[in-house]
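1. Have a look at this fold, sequence not included:
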């Protein structure tokens, strides 16, 4: 299976989906334990939340599961959040710190190098190519990295996560107007939200966000309680919750697209 699916659009906004893939090569399936095969840490149905919300969107969608290799992690293996608990480039555990590999079957350096070459690099080559194409057309590219996570994960954070978690790497990955637009919409949504909280943007946001060069990147981490019936198997999409959330997401994307001419002239 190809590691990435790209749908080019003619607008200035690019949506990336690094954690929606569920494909597992057979060599990975046979090494995962029972817990690993649940795929608990998938960004369930996130691509459906954003489907057709704005004309002209470009989408870059991962096909392989994050247990093969995590596309939102630094390829060097450096931690995104030094001093805080997190999973690595090839996770050893779930977000609940439960082991996912059979004893003696944990990925080694050779496995890591293989999946970097076959999955991680092609995915990010696709993002880089789409950024260059969109920026050539519009003078600016806005990369919006789409994520979801369970609202309660004590191993990663205390309490209950806000519904809407906007990450801009502390304001470094985008123009202040981008951050202000998203913060304004989340603050007025009636939902709980935070800017640059526990999730301030992963490797994708930090790597591509170069506002001085015309590329603006943000991460949106949604709690799965905002759109799933339950944050446990079978991780089904809740139609009513989804219908309530999608208009807000659409307004966010529209606001970003509307900002593009101003960002180009900056």
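-> Right, received. Where do you want to start? Since this is a predicted model, take the numbers as computed values, not measurements.

2. contacts, neighbours, all on C-alpha from now
-> OK.

3. May I have the phi/psi pair for the closest residue to residue 100 other than its chain neighbours?
-> Leaving aside its sequence neighbours, residue 100 sits nearest to residue 36 (Cα to Cα, 6 or more residues apart in numbering; 4.1 Å). Backbone geometry at residue 36, expressed as degrees, to the nearest 10, gives phi -60, psi -40.

4. For residue 36, give me its contacts.
-> Contacts of residue 36 were listed using Cα atoms under 8 Å, 6 or more residues apart in numbering, and they are 94, 99, 100, 101.

5. If we ignore the residues flanking it in sequence, what's nearest the second one?
-> So that's residue 99. Take residue 99 and drop its neighbours on the chain: the residue closest to it by Cα to Cα, 6+ apart is residue 93, 4.3 Å away.

6. Verify the stated contact: the one you found with residue 100.
-> Yes. When contacts are counted by Cα atoms under 8 Å, residue 93 is listed as touching residue 100 (5.3 Å).

7. Between the two, which has more neighbouring residues?
-> Taking neighbours as other Cα atoms under 10 Å, residue 93 and residue 100 compare with residue 100 leading, 22 against 18.

8. where does residue 265 land on pLDDT?
-> For residue 265, the pLDDT comes out at 63.

9. My error: substitute residue 12 in the last question.
-> For residue 12, the predicted pLDDT is 98.

10. wait, doesn't it sit right on residue 141?
-> Yes. Taking Cα under 8 Å as the definition, residue 12 is a contact partner of residue 141 at 5.3 Å.

11. Can you check which residues contact both of those two?
-> Joint contacts of residue 12 and residue 141 (Cα under 8 Å, 6+ apart) are 134, 135, 260.

12. just the buried members of the residues you listed?
-> 134, 135, 260 (16 or more other Cα atoms under 10 Å).

13. Could you report the distance from the second one to residue 5?
-> It refers to residue 135. For residue 135, the distance to residue 5 (Cα to Cα, to the nearest Å) stands at 20 Å.
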